[in-house]
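A.B. asks: quick one, what's the 3D model for this:
(2 chains)
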Amino acid sequence: MSKTANKQMICEVLMEAAASDRDIVALCSDSRGSGSFTPFADAYPDQFVETGIAEQNLVSISAGLARCGKKPYAVSPACFLSARSYEQAKVDVAYSNTNVKLIGISGGVSYGALGMSHHSAQDIAAMAAIPNMRVYIPSDHLQTRELTKALLKDSKPAYIRVGRNAVDPVYEEGNVPFRMDQANVLCEGTDVAIIACGEMVKPSLDAAKLLGEKGISATVVDMYCVKPLDKAAVVKAAENARAVITVEEHSPFGGLGSMVSQVVGSECPRKVINLSLPDEPVITGTSQEVFDYYGLNAQGIAEKAMELVK
Amino acid sequence: MENLTALSYDLRKNVIEIIRAGKAGHIGGDMSVIDILITLYFKQMNVSPENFGDENRDRFVMSKGHSVEALYAVLAEKGFFPIQEVVEKFSKFGSKFIGHPNNKLPGIEMNSGSLGHGLPVCVGMALAGKMDGRSCRVYTVMGDGELAEGSVWEGVMAASHYKLDNLCAVVDRNRLQISGNTEDVMHHDDLHERFRSFGWNVIDVKNGNSIDELNAAFEEAKTVKGCPTVLIANTVKGCGSPVMENKASWHHHVPSDEEYEQIMKDLEARKEAALHE
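C.D. replies: Predicted coordinates for the structure are as follows:
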């Protein structure tokens, strides 16, 4: 099965759209290489803006372009885009309601060994707390393709976080269910509901298989739409289960786990366990090494589920 | 042609009324910037309520968003909304007329309030104009204290890099900010050199409260090709009455009854002088 990085898929979809829509503009902050956007810059130099290493400028320029009818995609490492240019995202994009899509590349702990400066374990909390900002974290390249196509059709602000490396696909070519702002239920069970986003969806699905072997049935929900959260999907999954587990590549605070807990707490109280990165600078390593260390893998998720429904 | 200098004193009176009724407002900066806004809206830009949806309209972003009362007075005079409505509602509960520009109101392009955003946003607008081959121009006004924001200089750099000669920035150089003299807070006295070193065309406007001088500078800016232009407009904070002129304490201040009476008298006298010049 082919492996394509999610960021590369975004570039491919935008290149296809840019061929017939001159208003599509990609912007990078010296990040065209790391964002897999060099092909776009080469093919559409008149629809590409380089801002240099200046993320605040990247986002403000995008907002100005959008106000004049352009459809800008600002592509920059998630760690900088969600922090350095946070106020520009808040004021120039969300508050001014400009049609800017913020593409946070190499999100979460993608830059594992580079340290906390390069991690974006706070981006869901930060971006979701801004009124009029949506947050999407697709699980694989196929879903990324559908999401990017859907985003091309609207004119509202959004933040999209994708990882650095190609990951094992969750979906299969030809079978990629996608409805905008509706979570995908990947399997259904009655013991535990696992709700995950981004790169945590695949290990959650694998965990469900491990649990099945132990006679525990699990629902797995791909909550790529972190904001607006698909509350109906959360309630349905939780109501059918005895307990809920959330899994995310994010800090323990203000992310998917917090949001799901709010919904479950108010709508259908169940025990909810949030699996996440810790509230500390994460250990050095590749993404997979970091995930394994903190139990953010199939085995770790399955073990938590077994403890929970024991 | 209407006497815009006389008009500037009438609009200053409107600003005073807005601030008195709303019990809030950045009065000093309103008074220093209002001639710049009048020149832009009445002499330079092709912006009106009728064409505000037109893609070819010129663009203006009020980067020093706290001087919104002056912008409201000018936009009301242009017919975007009635001045009475602004006076009644400014800063009141649930009002659209808040203390910084908001683009839910007609005539306002971008929300501002946090400093250092306007110029970078205008870089994007000017780039869009270039991409689409439009002849419209893009303007922003920044405060001099605002220039301490690093993001301003990111925008300055990019505007020069992309040779945005359709972009003209104005610095409302009133030399005062909330804590006092700009040169004591963070000095800017090599401002012209700073912009020049980034590749900008710099025009010094000796009297930044003179509509004629400002207009001549904007006209000159249009003739300069291959780089953006900045007008360093040497203004007087609180311009219009000695009660408020050149006083940092009037950065935001609501005039008392006595101050109000005197300011209105002074504004009327200057209006009369302008009419008989």
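A.B. asks: would you agree B:Tyr139 falls within a strand?
C.D. replies: Yes - counting by DSSP: H, G, I helix; E, B strand; the rest coil, one finds B:Tyr139 located in a strand.
A.B. asks: give me the pLDDT for it.
C.D. replies: pLDDT, the model's per-residue confidence, is 98 for B:Tyr139.
A.B. asks: and if you look at the one 4 residues further on?
C.D. replies: B:Gly143 carries a pLDDT score of 98 in this model.
A.B. asks: contacting residues around it?
C.D. replies: By C-beta atoms under 8 Å, 6 or more residues apart in numbering or on different chains, the contact list for B:Gly143 reads B:29, B:63-64, B:66-67, B:115, B:171-172, B:174, B:177. Every residue, glycine included, has its C-beta placed from N, CA and C.
A.B. asks: tell me which helix or strand residue 74 sits in.
C.D. replies: Chain wasn't specified; assuming chain A. Here A:Ala74, judged by DSSP states H and E, is contained in strand A:71-77.
A.B. asks: the chain in question should be chain B.
C.D. replies: Short version, using DSSP H and E: B:Val74 is in helix B:68-78.
A.B. asks: show me how far that helix is from its chain's centre.
C.D. replies: Shown here is helix B:68-78, whose average C-alpha point lies 10 Å from the average C-alpha point of the whole chain (C-alpha atoms, centre = their mean, to the nearest Å).
A.B. asks: nearest residue to the closest residue to chain A within the stretch 151-277 of chain B in space, ignoring adjacent ones along the chain?
C.D. replies: Per C-beta to the nearest C-beta, the residue of the stretch 151-277 of chain B with the smallest distance to chain A is B:Glu154, at 3.7 Å. By the measure of C-beta to C-beta, 6 or more residues apart in numbering or on different chains, the closest residue to B:Glu154 outside its immediate chain neighbours is A:Asn57, 3.7 Å from it.
A.B. asks: pull the distance from the helix or strand harbouring the one you found to the chain's centre.
C.D. replies: Remark: A:Asn57 resides in helix A:55-67, with elements defined by DSSP H and E. For helix A:55-67, the separation from the chain centroid amounts to 22 Å (computed by C-alpha atoms, centre = their mean).
A.B. asks: packing partners for that helix?
C.D. replies: strand A:24-28, strand A:71-77, helix A:78-81, helix A:86-88, helix B:118-131, helix B:150-161 (3 or more C-beta pairs under 8 Å, 6 or more residues apart in numbering or on different chains; DSSP states H and E).
A.B. asks: angle of that helix against helix B:150-161?
C.D. replies: Computed with axes from the mean of the first three to the mean of the last three C-alpha atoms, to 10 degrees, the direction of helix A:55-67 lies at 60 degrees from that of helix B:150-161.
A.B. asks: quick one: average confidence on helix A:55-67?
C.D. replies: Computed over helix A:55-67, the average pLDDT equals 98.
A.B. asks: now do stretch A:72-89
C.D. replies: What stretch A:72-89 shows for mean pLDDT is 98.
A.B. asks: from the opening residue of it to its closing one, how far?
C.D. replies: Taking C-alpha to C-alpha, to the nearest Å, the span from the opening residue of stretch A:72-89 to its closing residue is 13 Å.
A.B. asks: tally of neighbours for A:Gln182?
C.D. replies: When neighbours are defined as other C-beta atoms under 10 Å in any protein chain shown, A:Gln182 has 15 of them.
A.B. asks: nope, B:Asp257 is what I meant
C.D. replies: By the other C-beta under 10 Å criterion, the neighbourhood of B:Asp257 contains 8 residues.
A.B. asks: now do the contacts for whichever residue of the stretch 51-200 of chain B sits closest to chain A.
C.D. replies: Distances from the stretch 51-200 of chain B to chain A, computed as C-beta to the nearest C-beta, single out B:Gly124 as the nearest residue at 2.3 Å. The contact partners of B:Gly124, taken as C-beta under 8 Å, 6+ apart, are A:60-68, A:70, A:72.
A.B. asks: how about 10 Å then?
C.D. replies: By C-beta atoms under 10 Å, 6 or more residues apart in numbering or on different chains, the contact set of B:Gly124 is A:25, A:27, A:49, A:51, A:57-68, A:70, A:72, A:92, A:98, A:100, B:59, B:110, B:138, B:155, B:158.
A.B. asks: then A:Ile24?
C.D. replies: A:14-18, A:40, A:44, A:47, A:70-73, A:152.
A.B. asks: ok, the residues you listed vs chain B, which is closest?
C.D. replies: Looking at the contacts of A:Ile24 and their distance to chain B, the nearest is A:Lys70, at 5.2 Å (C-beta to the nearest C-beta).
A.B. asks: for the closest one, give me the backbone phi and psi.
C.D. replies: Backbone geometry at A:Lys70, expressed as degrees, to the nearest 10, gives phi -80, psi 160.
A.B. asks: low pLDDT regions in the stretch 151-300 of chain A?
C.D. replies: The model of the stretch 151-300 of chain A has no residue with pLDDT under 70.
A.B. asks: kindly apply the preceding question to the stretch 1-150 of chain A instead.
C.D. replies: For the stretch 1-150 of chain A, applying pLDDT under 70 flags the ranges A:1-2.
A.B. asks: same thing but at 50, please
C.D. replies: Along the stretch 1-150 of chain A, the model assigns pLDDT under 50 to no residue.
A.B. asks: show me where it has its helices.
C.D. replies: Listed in chain order, the helices found in the stretch 1-150 of chain A under DSSP state H, counting those that start in this stretch are A:6-18, A:38-43, A:55-67, A:78-81, A:86-88, A:123-128, A:141-152.
A.B. asks: hey, where'd the strands end up in the stretch 151-277 of chain B?
C.D. replies: Residue ranges of the strands in the stretch 151-277 of chain B, as given by DSSP state E, counting those that start in this stretch, are B:167-173, B:176-177, B:180-181, B:201-205, B:229-234.
A.B. asks: if we can go back for a sec, of all the helices and strands packed on helix A:55-67, which lies closest to A:Gly295?
C.D. replies: With distances scored as C-beta to C-beta, the stretch of these nearest to A:Gly295 is helix A:78-81 (22.6 Å).
A.B. asks: got a list of contacts for the closest one?
C.D. replies: Residues outside helix A:78-81 that contact it (C-beta under 10 Å, 6+ apart): A:29, A:31, A:53-56, A:58-59, A:74-75, A:86, A:88-89, A:102-111, A:114, A:116-123, A:127, A:137, A:159-164.
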